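K.L.:
below are the sequence and a predicted model for it; my questions follow.
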Amino acid sequence: MIAQQTVRAIFIAWQHPLTRAYYPVARLVSGVGTRQDLFEFAYIHGAQQAALNGFQPFLAFPDVNTAYRSLELFPFFTNRLMSRNRPDFGAHIQRLGLDADADPMLILARSGGTRATDSIEMFPLPIFDEVIGCYQTYFWMHGFRHLSLQQQARVLALAFNEELTAKPEPSNPKDSNAVQLFSGDNVMVGYIPRYLASDAVHLLKNCSFFKVFVERVNQDPAPFQQRLLCRLESCWPKEFVPCNHDVYKPISQDAVALDPCAGIRVP
């Protein structure tokens, strides 16, 4: 089993500059190879759909058919990690709800790897947590900038471990799998990210429990996309595999296979 607070696989989502829609386009995996000492970057089939909407391969990884491997974390990702030598590193890592010695993969997954110069967001492959015996993942609530001032104030007043109610919104014109989040006093405080929404809808329908908790609230001047960190826990239905849609499958046939319960299977 994968230990709690360990990230072995991260998906990279590209955001359309006009529609603001997110498209999963690639993934990063650690612990690859016979000695489990390699990092692997590979494009996934979602990149083909994104290409129809303007996405182009990253300059660092120009060939969508290649599975890139390295003994060290690729510069494309290290450039998205704040230097531990910066005086504000402590505040940054605290805002993510992590310890100062957190693994770079975990920091990338928790921070989203966002930079002002591009339009990507990273998120981890949800795993089966053997400690609590269920599906678990962390995510940043989406939609803060579009909330009313009253709703934003309610977000910033949420407390650690406060439970939020998830409600599907099938009438949403942009995403029929949209899932809204509400506070205990029934104030809408945002959305589950679109790249997790379809799995969330499936779990809501098939699980005896599905809970979203407040993990951390960040006040101004934290960026809008890092105002509310949530923790999602639910049952793990029989034969359920997270991020198992075709869009998440690698294009390269040389890419490793992922197992959210057993880790990584080397072909």
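P.N.:
Nice, thanks for sending it over. Everything numeric in this text was worked out from a predicted model, so none of it was measured.
K.L.:
what about the strands in the stretch 51-200 of the chain?
P.N.:
Per DSSP state E, counting those that start in this stretch, the stretch 51-200 of the chain carries strands over the ranges 68-70, 120-124, 127-129, 134-140, 163-168, 179-182, 188-191.
K.L.:
residue 250: which of those strands is closest?
P.N.:
Distances from residue 250 to each of the strands of the stretch 51-200 of the chain were compared using C-beta to C-beta; the minimum, 11.4 Å, belongs to strand 68-70. In this view, the C-beta of every residue, glycine as well, is placed from N, C-alpha and C.
K.L.:
note down every partner strand of that closest one and its orientation.
P.N.:
Strand 68-70 has these partner strands in its sheet, going by DSSP bridges: strand 38-43 (antiparallel).
K.L.:
distance of residue 96 from residue 179?
P.N.:
Here the distance between residue 96 and residue 179 works out to 23 Å (C-beta to C-beta, to the nearest Å).
K.L.:
of those two, who's got more company?
P.N.:
Neighbours per residue, other C-beta atoms under 10 Å: of residue 96 and residue 179, the larger number sits with residue 179, 25 against 22.
K.L.:
could you report the neighbour count for the nearest residue to that one once chain neighbours are set aside?
P.N.:
Excluding the flanking residues, the one nearest residue 179 by C-beta to C-beta, 6 or more residues apart in numbering is residue 192, at 4.2 Å. Using other C-beta under 10 Å, residue 192 is surrounded by 25 other residues.
K.L.:
do residue 35 as well
P.N.:
Using other C-beta under 10 Å, residue 35 has 8 other residues around it.
K.L.:
quick check, pLDDT for it.
P.N.:
In this prediction, residue 35 carries a pLDDT score of 83.
K.L.:
ok, now how distant is it from residue 104?
P.N.:
19 Å.
K.L.:
and residue 173, by the same measure?
P.N.:
Residue 173 sits 38 Å away from residue 104 when distances are taken as C-beta to C-beta.
K.L.:
show me which of the two is the more surrounded one.
P.N.:
Between residue 173 and residue 104, residue 104 has the larger neighbour count (other C-beta under 10 Å), namely 14 against 7.
K.L.:
where does that one land on pLDDT?
P.N.:
The predicted structure lists residue 104 with a pLDDT of 91.
K.L.:
now the most centrally placed residue in the chain: closest residue in space that isn't a chain neighbour?
P.N.:
Centroid check for the chain by C-alpha atoms, centre = their mean gives residue 123 as the closest residue, at 2.0 Å. Residue nearest to residue 123 in three dimensions, not counting chain neighbours: residue 11, with 5.6 Å by C-beta to C-beta, 6+ apart.
K.L.:
can I assume that neighbour is in contact with residue 195?
P.N.:
Yes: distance between residue 11 and residue 195: 7.1 Å, which falls inside the contact criterion (C-beta atoms under 8 Å).
K.L.:
okay, and the common contacts of those two?
P.N.:
Shared contacts of residue 11 and residue 195, defined by C-beta atoms under 8 Å, 6 or more residues apart in numbering, comprise 24, 123.
K.L.:
can you get me a residue count around residue 30?
P.N.:
Using other C-beta under 10 Å, residue 30 is surrounded by 19 other residues.
K.L.:
sorry, back to before: give the contact list for the residue nearest to residue 123.
P.N.:
Residues near residue 11 by C-beta under 8 Å, 6+ apart: 24, 26, 27, 44, 122, 123, 124, 125, 195, 243, 248.
K.L.:
repeat that with 10 Å
P.N.:
Neighbour list for residue 11: 24-28, 44, 46, 109, 121-125, 195, 243, 247-248 [criterion: C-beta atoms under 10 Å, 6 or more residues apart in numbering].
K.L.:
from these, which land in helices?
P.N.:
Taking DSSP state H, the ones among those that sit in helices are 46, 109, 195.
K.L.:
out of these, which comes closest to residue 147?
P.N.:
Comparing the ones in helices among the contacts of residue 11 against residue 147 with C-beta to C-beta places residue 195 closest, at 20.1 Å.
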